[in-house]
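Undergrad: Here is a sequence with its predicted model. Questions after.
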Amino acid sequence: MADATEMIDGSPTKRFFLEILTKDISITAAILDLVDNSVDSAKILRPDEEFQNLRVDITATPHEFSIEDNCAGIGVKKARDYVFRIGRPDGVDPSPESIGQFGVGMKRALFKLGESFVVESTTADDSFTVDVNTEPLSDGSDWSFPMTVHAPSGQASGTTIIVDGLHDGVKDSFASESFLKELAEELRSRHRLPMGNGLVITLNGVPLTAADSMVATSELLRPAVNSFSVKTPKAGDLSVRIVVGVAPTGTAGVDEDAEPEEQSRPAADAGWLVFGNGRLLLANDKTKLTGWGSGRNKIPQYHNQYARFRGFVYMTAENAGAIPWNTMKTTVDPDSPIWHQVLEQMIISARSVINLLNQAKTERRLATDDMATPTLDAIRGAAPVDANTVIEVEFSMSMDELREGILVGAVYPAENPELAAAWKKIQYTVFLEAFDELAAALDMNNAAEIGRLSFDAFHSANVES
């Protein structure tokens, strides 16, 4: 009998593919992906990003999940050609300055949440309904979904997604008050830009407020600003705007002179916030990923004397592939050469603010009642301004001018020369056991303060007497 060649079916089962697709995405990330789609739809409807009267309503209960918006909607052709495909087909480009890139987010999110879903969407021209039960997808090779195209009805545009048959883990999460609170905080933080432009996002009927993005600004105190573009090999230009300043008075909420280990709570709002096409990728980052610890002459290790540090990076691109984020769009890609170029400019922009905060620390620690404190006075007298508007407001620059690039260091008063002349720094080391005994007796643990008290006592005993 002659040898025969047969073809063996090596394709993955649908159930296996769906489990792999949803394995590494969290429930929160799945919901954020769906909100991203609504935000992209809002940008299509309002390219100027003035989102007043637009809304995204999220319902998350143990019985049902839904998300409804009144944005641009999904056209029948888009739904038919690629919206429900697993991956974006060749030749289909994403919307300009969108968040979505790979054509996976919505489907992955829906499969992550439950066994069945309904998507209803209306545009100015047409509308459709897709009703899918994922259970039958376990077998066979047919990935097609039934879509009902409706006759024009004159209804307002928008999209509604309802997920039924929630997975057990999803039900448990939606029954947890702590989970819902964390989800609300993620939405407030990650979508602060569109919310700041008027988009209303509600969670279980409660409107959310955008997280703070303010920097202190006045004639005496201005943040550092830097705008430039980066050419990417395959995805066009990446536009970058950097704003670095200090938090307005009343927002730091920490003891800026204490050692990090002595803090009752961390300076949670300090650090860098990095956005990609409006989505927050890094929140209050204080690690090497954003340059902290890059060197004394660059950015030092984070310490609570920098609790007022606020850095904002806004990266935008018509082609989302130009943005140096990871595949799930939850952080930046630390190995991206594009990110390395952005990071270099972040460090340059931050240096003057580090100097400002070092100067403020000197005034805070060393100035006596009769000494001038120009830096602290400037911070206290400055008004909060949204960092996203600082460049346009402070420099009255057009978008074309911003793309050409500007670099301006932080503006702040000169230091008081009396401070350097009036003080002498003393450092010494003691046995830990002896220090602990004295700290317990004095009921304090700040080494610098105890050192000052010990010098004062020795001075009093040997000079003043």
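TA: Here it is on my side, so go on. Numbers count the residues shown, from 1 in each chain.

Undergrad: Relative to L203, how far out is K171?
TA: As defined by C-beta to C-beta, to the nearest Å, K171 lies at a distance of 17 Å from L203. Quick note: C-beta positions are derived from backbone N, CA and C, even for glycine.

Undergrad: where exactly do the helices run in the stretch 251-400 of the chain?
TA: Residue ranges of the helices in the stretch 251-400 of the chain, as given by DSSP state H, counting those that start in this stretch, are 337-366, 374-381, 390-395, 399-404.

Undergrad: Turn those into TSV, including mean neighbour count, mean pLDDT and distance to T249.
TA: Output for the helices of the stretch 251-400 of the chain, formatted as TSV (neighbours: other C-beta atoms under 10 Å; pLDDT from 0 to 100; distance: least, C-beta to C-beta, whole Å):
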stretch	mean neighbour count	mean pLDDT	distance to T249
helix 337-366	19	91	12
helix 374-381	18	89	5
helix 390-395	17	60	17
helix 399-404	12	56	29
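
Undergrad: count of neighbours near the nearest residue to D172 once chain neighbours are set aside?
TA: If you skip the residues right next to it in sequence, D172 has P62 as its closest partner in space, 7.8 Å away by C-beta to C-beta, 6 or more residues apart in numbering. Residues within reach of P62, counting by other C-beta atoms under 10 Å, total 14.

Undergrad: Tell me if P62 really is in a strand.
TA: No - counting by DSSP: H, G, I helix; E, B strand; the rest coil, P62 is located in no strand; its state is coil.

Undergrad: and it, what does it touch?
TA: With contacts defined as C-beta atoms under 8 Å, 6 or more residues apart in numbering, the neighbours of P62 are L166, K171, D172, F174, A175.

Undergrad: and of those residues, the nearest to A360?
TA: Checking those against A360 by C-beta to C-beta gives F174 as the nearest, at 45.0 Å.

Undergrad: right, and the closest one touches I58 too?
TA: No - counting by C-beta atoms under 8 Å, F174 sits too far from I58 to count as a contact (10.8 Å).

Undergrad: related to what we said a few turns ago, how confident was the prediction at the residue nearest to D172?
TA: Taken from the predicted model, the pLDDT recorded for P62 is 96.

Undergrad: Can you read off the backbone torsions of it?
TA: As for P62, its main-chain torsions (degrees, to the nearest 10) stand at phi -60, psi -10.

Undergrad: Could you measure from it over to F179?
TA: As judged by C-beta to C-beta, P62 and F179 stand 11 Å apart.

Undergrad: next one: A387
TA: Summarising the geometry, the distance separating A387 from F179, computed by C-beta to C-beta, is 30 Å.

Undergrad: Neighbour count for those two, which is higher?
TA: Neighbour comparison, A387 and F179: the larger count goes to A387, with 25 against 15 (by other C-beta under 10 Å).
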